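Participant: Here is my input, please return the structure:
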Amino acid sequence: MRAALTLAILSGIAFIPASPVAAQAQAVQAGARPKVIFHVGDADPAKWTVAFNNVFNVRKDLGPANVEIEVVAINAGIGMLKLDSPESSRIAEAIKGGANVVACENSMRGQKVGREDLLPGIGYVAAGVVELMQRQREGYAYIRP
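Facilitator: Residues are numbered from 1 along each chain as shown. Okay, here's the model as predicted:
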């Protein structure tokens, strides 16, 4: 990147590194499916309602086969993935519709929550924050309701 910047400066060309938004636009233009990641880190049912309203709206507007959707739960948000959560039916519906809903294992350990406590179909990542970073690098649009 430093070499590209130096070459751009020397040749008088404007150099702007690609942002996640630009990467997403390029992917869509190239025919790739749009990708979005939702980050929910608290146990407020209202925020989860907003998050899953967004998930369902994206899926409805773009078509389920035309978009990759991931929801990452970290910190207190882990509690909303439990079997008895007030959002459990919406989370299960999102998973059934193709959304990838993942739990941060660091947060699970910190809260003493086991996989047996969570809804079926939940995915797991070692560190939710690292998952968010990696997905953004892969061109996922980042949404935090």
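
Participant: How many residues are close by the residue nearest to Met108 when sequence neighbours are not counted?
Facilitator: Leaving aside its chain neighbours, Met108 sits nearest to Ile78 (5.8 Å; criterion: CB to CB, 6 or more residues apart in numbering). For every residue, glycine as well, the C-beta is placed using N, CA and C. Per other CB atoms under 10 Å, the neighbour tally for Ile78 reads 27.

Participant: Identify the residues contacting Gln134.
Facilitator: By CB atoms under 8 Å, 6 or more residues apart in numbering, Gln134 lies in contact with nothing.

Participant: How is it assigned, secondary-structure-wise?
Facilitator: helix (DSSP: H, G, I helix; E, B strand; the rest coil).

Participant: Distance of it relative to Val125?
Facilitator: Going from Gln134 to Val125 by CB to CB, to the nearest Å gives 9 Å.

Participant: ditto for Asp61
Facilitator: Per CB to CB, Asp61 is found 27 Å from Val125.

Participant: Comparing these two, which residue is more hemmed in?
Facilitator: Set side by side, Asp61 and Val125 show more neighbours around Val125, with 20 against 9, by other CB under 10 Å.

Participant: who touches the more buried one in this structure?
Facilitator: If you count contacts by CB under 8 Å, 6+ apart, Val125 has them with 72, 102-105, 131.

Participant: what do you get for Ala51?
Facilitator: Ala51 touches 38, 40, 71, 143, 145, counting by CB under 8 Å, 6+ apart.

Participant: Closest one of the residues you listed to Arg109?
Facilitator: Using CB to CB, Val40 is the member of the contacts of Ala51 that lies nearest Arg109, at 18.4 Å.

Participant: So for that closest one, what's the pLDDT?
Facilitator: Note on Val40: pLDDT of 97.

Participant: cool, and Ala32?
Facilitator: Ala32 is given a pLDDT of 83.

Participant: Going forward, count from 6.
Facilitator: In the new numbering, first residue 6, that becomes Ala37.

Participant: and it, how many residues sit next to it?
Facilitator: By other CB under 10 Å, neighbour count at Ala37 equals 12.

Participant: Pull up the gap between it and Tyr145, please.
Facilitator: Distance from Ala37 to Tyr145, by CB to CB: 12 Å.
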